[in-house]
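Visitor: next comes the sequence, and after it the predicted model I'd like to discuss.
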Amino acid sequence: MRFNTISHSISGALLGGLLLLSQSTWAQQRDIDVHVGQIAGDLNKTFNEVIGAGRANEGLRADWQQQLAQVRRDAGFRYIRMHGLLSDDMGVYKVDAQGREHYNFQYIDALYDYLLSIGMKPFVELGFMPSAMASGEKTIFWWRGNVTPPRSYEKWGELVKRLTEHWTERYGQAEVATWYFEVWNEPNLRDFWAGTQDEYFRLYAHAARAIKSVNPAYRVGGPATAGAAWIPETIAYATANGVPLDFVSTHTYGVNQGYLDEFGTTGTVLSKDEGAISNDVLKNRREIAASKLPKLPLHYTEWSSSYTPADPTHDSYHQAAYILQKLKQTGDAAQSMSYWVFTDIFEEPGPRFEAFHGGFGLMNTQGIKKPGYFAYQFLNGLGAKQLRNPDAQSIATVDANGDASVLLWDYTHTLPEGINNQQYFIRDLPPRPKGDVRVTLRGVKPGDYTLAISQVGYRKNDAFTAYIGMGSPAQLTRKQVAELKAQASGEPSGRRTVRVGGDGRFSLTLPLRENDVYLLKLGSAPGRPAP
């Protein structure tokens with residue numbers, strides 16, 4: 001095997017540091033060796049089935065919509081879930097001075113029309129309670145989502161029915177039948193639901209029956225709990241009472257302390273447990289298998305490294321490898337893993353005053369892509385067929401044209417004992433070397449190919465470290481925004497033409513650091529017929 005003449009876009013550093021010939025790989029610590037003809041099956045696409053967003057009203061903003069369109073194009077997300085669809089700022093329900101009820105779906109129409117226009121669908125979260133229907137005044141978040149049960153469960157059911165009928169009329173039964181309907185958010189937490197578990201089940205039953213009364217084919221589920229809770233109880237309730245249940249849903253996060261710490265004041269601690277996230281998913285799958293509905297779909301409608309929008313893990317280069325590691329570990333145990341959330345345009349604690357503040361988003365408020373963004377972009381760039389591959393931290397694929405891709409990473413938990421995320425991840429954190437990784441593709445048709453290498457890691461598509469290098473200014477100038485976007489574009493760091501000889505073997509060696517991510521794409525060279 002040899003390398004052909006390269007394009008001028010590739011740098012000398014890339015030549016010297018990334019693409020090392022196989023004779024210099026004696027000291028490498030890791031091998032990824034796959035055959036392009038050994039197909040394991042279709043690529044598991046649960047990673048981009050659903051993405052989260054803060055609240056429905058934020059979806060009426062132009063910058064929110066622009067960012068969603070971009071992440072849709074790059075990462076391929078198909079559904080989106082958000083809070084507050086029925087909250088007062090969406091103007092859904094009121095009772096006038098004469099006691100007459102009024103329903104208004106104009107804001108929801110504007111939002112859902114936009115989602116459908118860019119090829120996305122709603123994963124409908126039914127909540128929170130319109131204040132005119134609520135039994136109390138307890139609210140959550142800066143935007144005051146009411147978390148109390150309805151004064152009348154019959155009126156709650158009627159609201160859900162009217163809204164479902166409206167969607168059916170506006171978008172058609174065939175379209176709405178492709179949606180998901182989820183009732184409430186995290187009712188096992190007192191901050192999110194002021195009622196009891198029994199009262200939640202009553203809320204769920206009225207909503208589910210209302211939806212099914214419009215069309216039995218519509219999919220409804222819950223309980224959308226925190227911490228992987230209430231799955232057996234929800235299934236038992238539904239089966240015992242004849243209540244529709246088409247899927248179950250819940251949430252998990254990878255930290256050990258700091259619940260609802262919206263400003264990071266007590267600190268969160270990233271779990272060092274290798275099974276964080278995946279243990280919850282696998283536990284729920286076992287619970288479902290042992291239930292009366294053993295094949296019930298499972299949707300994780302929220303997950304991330306941390307449950308506070310003030311955790312710098314979300315901004316750090318470590319997050320890309322973390323995302324890939326947890327998705328690989330969960331496999332196909334869940335039918336979707338919805339990352340929380342796609343953008344820092346997110347106002348649970350109110351508008352934020354800093355450009356980077358540890359927000360949940362894959363992008364910050366100005367649309368600067370964080371390292372986690374590229375984990376999803378790279379996953380979306382893989383081929384449709386997954387190859388057999390025993391390596392625990394990589395995915396190898398081929399597409400219909402025979403082009404091969406390898407996505408590989410190192411996930412290393414680096415948080416020291418006795419320090420929290422807010423103290424540690426705000427620093428410039430140079431990684432330690434992890435040796436080399438050699439990637440070998442076998443069974444490749446001889447000929448010329450284009451090799452493209454993309455990378456995420458420390459100072460590689462790493463806007464947050466560059467931001468720290470700027471002095472972490474609370475506000476960014478237009479020039480600084482442009483600079484950070486240029487440093488986090490996701491474009492390949494190099495492309496070159498390579499030749500695969502008669503043995504059908506392609507191999508290269510890459511230096512690997514803690515929490516590095518690489519995407520290698522071996523595709524048809526210009527002028528070469530597709531295999």
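Guide: Ah, there it is.
Visitor: how about the helices in the stretch 401-531 of the chain?
Guide: 421-424, 463-469, 478-487 (DSSP state H, counting those that start in this stretch).
Visitor: chain center to the last one: distance?
Guide: To tie it back to what came earlier, the one meant is helix 478-487. Relative to the centre of its chain, helix 478-487 is centred 24 Å away, using Cα atoms, centre = their mean, to the nearest Å.
Visitor: show me what it is packed against.
Guide: helix 463-469 (3 or more Cβ pairs under 8 Å, 6 or more residues apart in numbering; DSSP states H and E). The way it works is simple: take the backbone N, C-alpha and C, and place the C-beta from them, glycine included.
Visitor: who touches the helix it packs on?
Guide: Applying Cβ atoms under 8 Å, 6 or more residues apart in numbering, the set of residues contacting helix 463-469 from outside is 312, 315-317, 355-356, 364, 368-371, 426-429, 458-459, 473, 483-485, 487-488.
Visitor: before we move on, the earlier item: ok, which of the helices of the stretch 401-531 of the chain comes nearest Ser249?
Guide: Of all those, the one in closest proximity to Ser249, counting by Cβ to Cβ, is helix 421-424 (26.3 Å).
Visitor: mind listing residues that contact that closest one?
Guide: Contacts of helix 421-424 (Cβ under 8 Å, 6+ apart): 255, 264, 267-270, 306, 310-313, 358, 415-416.
Visitor: which among the residues you listed end up buried?
Guide: 255, 264, 267-270, 306, 310-313, 358, 415 (16 or more other Cβ atoms under 10 Å).
Visitor: Serialize these to TSV and add fields for secondary structure.
Guide: Converted to TSV, the buried ones among the contacts of helix 421-424 look like this (DSSP: H, G, I helix; E, B strand; the rest coil):
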residue	secondary structure
Val255	strand
Gly264	coil
Gly267	coil
Thr268	coil
Val269	coil
Leu270	strand
Ser306	coil
Ala310	coil
Asp311	coil
Pro312	helix
Thr313	helix
Gly358	coil
Leu415	coil
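Visitor: out of these, who's nearest Ala174?
Guide: Nearest member of those to Ala174, counting by Cβ to Cβ, is Ser306, at 39.0 Å.
Visitor: isn't that closest one right up against Thr313?
Guide: Yes - because the distance of 5.4 Å satisfies Cβ atoms under 8 Å, Ser306 is recorded as touching Thr313.
Visitor: could I get the buried residue list for stretch 366-375?
Guide: For stretch 366-375, a neighbour-count test (16+ other Cβ under 10 Å) marks 366-375 as buried.
Visitor: from the residues you listed, pick the one nearest Leu111.
Guide: Nearest to Leu111, judged by Cβ to Cβ, of these is Gly367 at 19.4 Å.
Visitor: SS state for the closest one?
Guide: Secondary structure of Gly367, per three-state DSSP, is coil.
Visitor: sorry, back to before: any chance of the buried ones among the contacts of helix 421-424 in CSV, with pLDDT too?
Guide: Output for the buried ones among the contacts of helix 421-424, formatted as CSV (pLDDT from 0 to 100):
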residue, pLDDT
Val255, 94
Gly264, 60
Gly267, 87
Thr268, 93
Val269, 94
Leu270, 96
Ser306, 96
Ala310, 94
Asp311, 96
Pro312, 97
Thr313, 98
Gly358, 97
Leu415, 97
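Visitor: redo those as JSON lines? Include distance to Gly402.
Guide: Shown next, in JSON lines, are the buried ones among the contacts of helix 421-424 (distance: Cβ to Cβ, whole Å):
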{"residue": "Val255", "distance to Gly402": "43"}
{"residue": "Gly264", "distance to Gly402": "48"}
{"residue": "Gly267", "distance to Gly402": "50"}
{"residue": "Thr268", "distance to Gly402": "45"}
{"residue": "Val269", "distance to Gly402": "46"}
{"residue": "Leu270", "distance to Gly402": "40"}
{"residue": "Ser306", "distance to Gly402": "41"}
{"residue": "Ala310", "distance to Gly402": "46"}
{"residue": "Asp311", "distance to Gly402": "42"}
{"residue": "Pro312", "distance to Gly402": "42"}
{"residue": "Thr313", "distance to Gly402": "38"}
{"residue": "Gly358", "distance to Gly402": "43"}
{"residue": "Leu415", "distance to Gly402": "42"}
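Visitor: give me the contact list for stretch 135-146.
Guide: 55, 57, 83-84, 87-89, 127-131, 134, 147-151, 191-192, 194, 347-350.
Visitor: next step: the residues you listed restricted to strands.
Guide: 55, 83 (DSSP state E).
Visitor: just the buried ones from the contacts of stretch 135-146?
Guide: 55, 57, 83-84, 87-88, 127-131, 134, 147-150, 192, 194, 347-349.
Visitor: returning to what we had before: with distance to Phe141 added, can I get the helices of the stretch 401-531 of the chain in CSV?
Guide: Formatted as CSV, the helices of the stretch 401-531 of the chain follow (distance: least, Cβ to Cβ, whole Å):
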stretch, distance to Phe141
helix 421-424, 21
helix 463-469, 25
helix 478-487, 27
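Visitor: can you put these in a markdown table and add mean neighbour count, mean pLDDT and distance to Ser454?
Guide: A markdown table is the format used below for those (neighbours: other Cβ atoms under 10 Å; pLDDT from 0 to 100; distance: least, Cβ to Cβ, whole Å):
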| stretch | mean neighbour count | mean pLDDT | distance to Ser454 |
| --- | --- | --- | --- |
| helix 421-424 | 20 | 96 | 27 |
| helix 463-469 | 20 | 98 | 15 |
| helix 478-487 | 14 | 98 | 14 |
